[in-house]
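A.B. asks: sequence-free structure coming up:
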DNA sequence: TTGCAACATCTTTAATGGTGGCCATAGTCT
DNA sequence: AGACTATGGCCACCATTAAAGATGTTGCAA
């Protein structure tokens, strides 16, 4: 492959002129510029990104650190959609994308900071990370710009951005949707308590309940840890002694488990029991009946994250959070009850 | 971040000794080795991969060039599974993985060779590529080792490997499965004619037919180009004049389209018409009824491809193809007919 | 007309963080 | 003493960027 040296020689100029030409410096005459491009084309030359990366002060590659892709449930394609969004956005720019998928099975695990330093990574997007992840904490204390998803950054580090939907609002909307349809006996299937999204969804639920003169105590809770299996087991047991009018699930995956339990109990959805989810997985349109849920546009979230990361790098923005729009997908898993 | 220079200075040796230590050269005394690692740990040093990549003769990164990930139907996660497999396998090694997702929407499109050269990529895995892709052809003429998926490489280039299931055999098995259950009025929903997999599946079908004293002419063909929508439209029209005992689909996606058409025609599966697919998408277990299909283990295919690529690099193997095992998933979309 | 600053357009040199071949040194073996 | 071996240093090199220096040309005031 032709290098910058070959082009320089053939064009009869020094190496740095070629470099300058490719980096839009002004001190290269139009004539020379043309000649260099002509020679480059002839020699089939393109700048070597690796060398560029090494010599250039400005970093050329961004990282995506994701725990979701390798670990998720096969029905859960969220992490992949985020990946798609990030990839699409970054491929529009001059940046390279380096991917670090975390496999919880393996303990090999490398420090995120190390991962970034080794590769001259100038900024990273983190998905599926827990706030108590030690490597995450370490990363926050560096000067590496970051965008975290589904976490609200609490530190003072101005290089950290975050992106998510407004989980509290979405949850509130969904709870109101049920309450307005006169559901009062709610079973809430919640996720992992410590997570930001779960806290927010809980908050939204509470607000909605208050709006209807109710309290959190007035509903039952099944803590299923965002697991389909756990949701199935818990709701199965729950249905043996109680029959709520609706299950309000904090994720579609858990809703699937609940739906299975309901069907196995010989009950119909939504005639006997209504069910709502959260996420809008592809499967959710195909359940019987189709699931009423909150749609998160994960591709968009990925794109927004990638853009935010670049903004942080360029403008050194203050810490900030971007809300991505969600949407309540009213399908057929919720019945309107006679007014109370 | 500490560099090799810092370590060398602090350990009181020259840079190259540190380099040699990290690259397992024998001419470093055990004592020095220990000291260097101690200093490195103290300074939190890890070799910079970018620099290594530039200076080292041996290439450190492998590429995955995939057209499936960005473009595929949302129900089709095959390309992602391949990606997972490739990633898993490569992350076990000292190689880096660079990803090049092809977006058919965009014409930007870069030559694969250029992509590889720019990044010092020492070998690539290609997925979802058409044999008439000009950039693919260009790549075959270089000395860059490659592994292609679902294509049988026809060139003499010894650096090209390929991986797929035995499509002909799988197709034959499935056809026999139907024939042995006394299906004789078959409608075959085939994919894109020019593709390797389609040709192979056709070949297997023919063999199975011959085994039962039939010819390709004895079955009907719907050429649906691997599209769910096309399969739906074609089978809908087809059902208006004919009613086969079974639809033999060359992909699950097309089977979904067919199932939709059958249901809309007021017919039952498998009581009135049987359906078989090919791929075993996640959805296929959840159709009504669950789809009988050929399972391709795409994660495994990805892993095998990554291993093969490394073998080619190391041993300069002759051109070779690896068959990955498939499996006939007998579910509930096929009925056994009374013997003819 | 001259002198010289300003400008446009290059060239030179050092640096990026490593690798790797070859050379040097000193101690050991025969 | 000469050869060999173990160990480590030196330096060129990878493909590029970037800062500083060099060269020739131009414009304009003295």
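C.D. replies: Structure received. Keep in mind that what you see is a predicted model, and the values were worked out from it rather than measured.

A.B. asks: for the stretch 1-150 of chain A, give me the ranges with low pLDDT.
C.D. replies: Counting by pLDDT under 70, the stretch 1-150 of chain A contains low-confidence ranges at A:107-108.

A.B. asks: up against chain B, what does it have?
C.D. replies: Within the stretch 1-150 of chain A, the positions near chain B by Cβ under 8 Å from any Cβ of the partner chain are A:1, A:44, A:46-51, A:53-54, A:69-70, A:74-75, A:77, A:80, A:84, A:87-88, A:91, A:96-99, A:101, A:103, A:114, A:117-120. Every C-beta, even on glycine, is put in place using the N, C-alpha and C of the backbone.

A.B. asks: cross-check those against DNA strand C and keep the overlap.
C.D. replies: With Cβ under 7 Å from any atom of the strand as the criterion, the members of the residues of the stretch 1-150 of chain A next to chain B in contact with DNA strand C are A:51, A:54.

A.B. asks: for the stretch 201-340 of chain A, just list every one of the strands.
C.D. replies: A:220-223, A:246-249, A:274-276, A:293-296, A:320-324, A:326-329 (DSSP state E, counting those that start in this stretch).

A.B. asks: the stretch 1-150 of chain A now?
C.D. replies: Using DSSP E, counting those that start in this stretch, strands in the stretch 1-150 of chain A cover A:61-66, A:96-101, A:121-127, A:146-149.

A.B. asks: of all these, which lies closest to DNA strand D?
C.D. replies: strand A:121-127 (12.6 Å; Cβ to the nearest atom of the strand).

A.B. asks: show residues contacting the closest one.
C.D. replies: A:58-68, A:79, A:82, A:86, A:98, A:112, A:115-116, A:136, A:139, A:144-151, A:302, A:305-306, A:309-310, A:312-313 (Cβ atoms under 8 Å, 6 or more residues apart in numbering or on different chains).

A.B. asks: sorry, back to before: highest average neighbour count across the strands of the stretch 1-150 of chain A?
C.D. replies: The highest average neighbour count among the strands of the stretch 1-150 of chain A, using mean count of other Cβ atoms under 10 Å in any protein chain shown, belongs to strand A:146-149 at a mean of 27.

A.B. asks: now do the contacts for the closest residue to residue A:109 other than its chain neighbours.
C.D. replies: Once flanking residues are discounted, residue A:109 sits nearest to residue A:102: 7.1 Å by Cβ to Cβ, 6 or more residues apart in numbering or on different chains. Residues counted as contacts of residue A:102 (Cβ under 8 Å, 6+ apart) are A:65, A:66, A:67, A:70, A:71, A:109, A:128.

A.B. asks: tell me, how many neighbours does the last one end up with?
C.D. replies: Other residues within reach of residue A:128 by the criterion other Cβ atoms under 10 Å in any protein chain shown amount to 22.

A.B. asks: isn't it right up against residue A:64?
C.D. replies: No. Counting by Cβ atoms under 8 Å, residue A:128 stays clear of residue A:64, with 10.8 Å between them.

A.B. asks: quick one: neighbours of residue A:297, just the number.
C.D. replies: Residue A:297: 17 neighbours (other Cβ under 10 Å).

A.B. asks: residues contacting the nearest residue to it once chain neighbours are set aside?
C.D. replies: Nearest non-adjacent residue to residue A:297, counting by Cβ to Cβ, 6+ apart: residue A:324, 6.4 Å away. Contact analysis of residue A:324 by Cβ under 8 Å, 6+ apart lists A:163, A:164, A:165, A:296, A:297, A:300, A:301, A:304.

A.B. asks: pretty sure the last one contacts residue A:163?
C.D. replies: So that's residue A:304. Yes. Residue A:304 is within contact range of residue A:163, at 5.2 Å (criterion: Cβ under 8 Å).

A.B. asks: shared neighbours, the two?
C.D. replies: By Cβ under 8 Å, 6+ apart, the residues touching both residue A:304 and residue A:163 are A:322, A:324.

A.B. asks: in terms of neighbours, single out the busier of the two.
C.D. replies: residue A:163 (27 against 22).

A.B. asks: host element of the more buried one?
C.D. replies: In the assignment (DSSP states H and E), residue A:163 maps to strand A:160-165.

A.B. asks: elements contacting the helix or strand following that strand?
C.D. replies: Counting by DSSP H and E, the element after strand A:160-165 in chain order, helix or strand, is helix A:167-180. Packing contacts for helix A:167-180, counted by 3 or more Cβ pairs under 8 Å, 6 or more residues apart in numbering or on different chains; DSSP states H and E, involve helix A:196-211, strand A:246-249, strand A:274-276, strand A:293-296, strand A:326-329.

A.B. asks: end-to-end on stretch A:289-301?
C.D. replies: The straight-line separation of the ends of stretch A:289-301 (Cα to Cα, to the nearest Å) is 28 Å.

A.B. asks: can you mark which positions in that stretch are buried?
C.D. replies: When burial is assessed from 16 or more other Cβ atoms under 10 Å in any protein chain shown, stretch A:289-301 yields the following buried residues: A:289, A:291, A:292, A:293, A:294, A:295, A:296, A:297, A:298, A:299, A:300, A:301.

A.B. asks: mind listing what's buried in the top helix by length along chain A?
C.D. replies: Ranked by residue count under DSSP state H, the longest helix found in chain A is helix A:298-315. By 16+ other Cβ under 10 Å, the buried positions in helix A:298-315 come out as A:298-313.

A.B. asks: repeat for stretch A:200-211
C.D. replies: Buried residues in stretch A:200-211 (16+ other Cβ under 10 Å): A:200, A:201, A:202, A:204, A:205, A:206, A:208, A:209.

A.B. asks: neighbours around whichever residue of the stretch 201-340 of chain A sits closest to chain B, how many?
C.D. replies: Nearest residue of the stretch 201-340 of chain A to chain B: residue A:282, at 5.4 Å (Cβ to the nearest Cβ). Residues contacting residue A:282 under the criterion other Cβ under 10 Å number 17.

A.B. asks: who touches it in this structure?
C.D. replies: Residues near residue A:282 by Cβ under 8 Å, 6+ apart: A:75, A:77, B:74, B:75.
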